[in-house]
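> predicted model, plus sequence, below.
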Amino acid sequence: QRCCICRLPGASVTCRGRRCRRIFHFPCGSERGCVSQFFGEFRSFCWQHRPVQQVRAAQQEQTACLICLEAVAGQPCYDTLVCPACASAWFHRRCIQGQALSSALHHFRCPLCRDVAAFQDEMFRLGIKIPDR
């Protein structure tokens, strides 16, 4: 199969969106904004069909990532995630992924409100890999 992003052969990840026929390499998909879920059926979605956050969160002026303290986008998007429990904690995708990899499943929680269940469920759904170790 040819990758729909780089056009090279060897693509094996298919989008699980309805009637979507996109196939891509995992690294190409990560660069383009595709989401792979690391639980259950290990589904992957292209940039058009990826899950989005439904959290209603309003920023107070210029909000910073709680991990790296740099500015985040003005609304939840692929690169900017929000805690679903408190809606006050904003993160860059790369920052919260690093936190998840170092914390692992048993210690990964929202750094602000300390919620575990809703936070982990949402991060799993949005493609954050949380190792169980």
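Perfect, I can see it now.
> all helices for this structure, in order.
Taking DSSP state H as the criterion, the chain contains helices spanning 26-32, 93-103, 117-125.
> put together TSV for the ones you listed, with distance to Pro84, mean pLDDT and mean neighbour count on each row.
For every residue, glycine as well, the C-beta is placed using N, CA and C. Shown next, in TSV, are the helices of the chain (distance: least, C-beta to C-beta, whole Å; pLDDT from 0 to 100; neighbours: other C-beta atoms under 10 Å):
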stretch	distance to Pro84	mean pLDDT	mean neighbour count
helix 26-32	23	95	16
helix 93-103	12	97	17
helix 117-125	4	96	17
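> need the ones you listed in a markdown table with distance to Gly74, can you?
What follows is these, written out as a markdown table (distance: least, C-beta to C-beta, whole Å):
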| stretch | distance to Gly74 |
| --- | --- |
| helix 26-32 | 22 |
| helix 93-103 | 15 |
| helix 117-125 | 19 |
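> poorly predicted segments of the chain, please.
57-60 (pLDDT under 70).
> wait, His25 sits on Arg7?
No. Counting by C-beta atoms under 8 Å, His25 does not reach Arg7; the two are 10.6 Å apart.
> kind regards, and thank you for your time.
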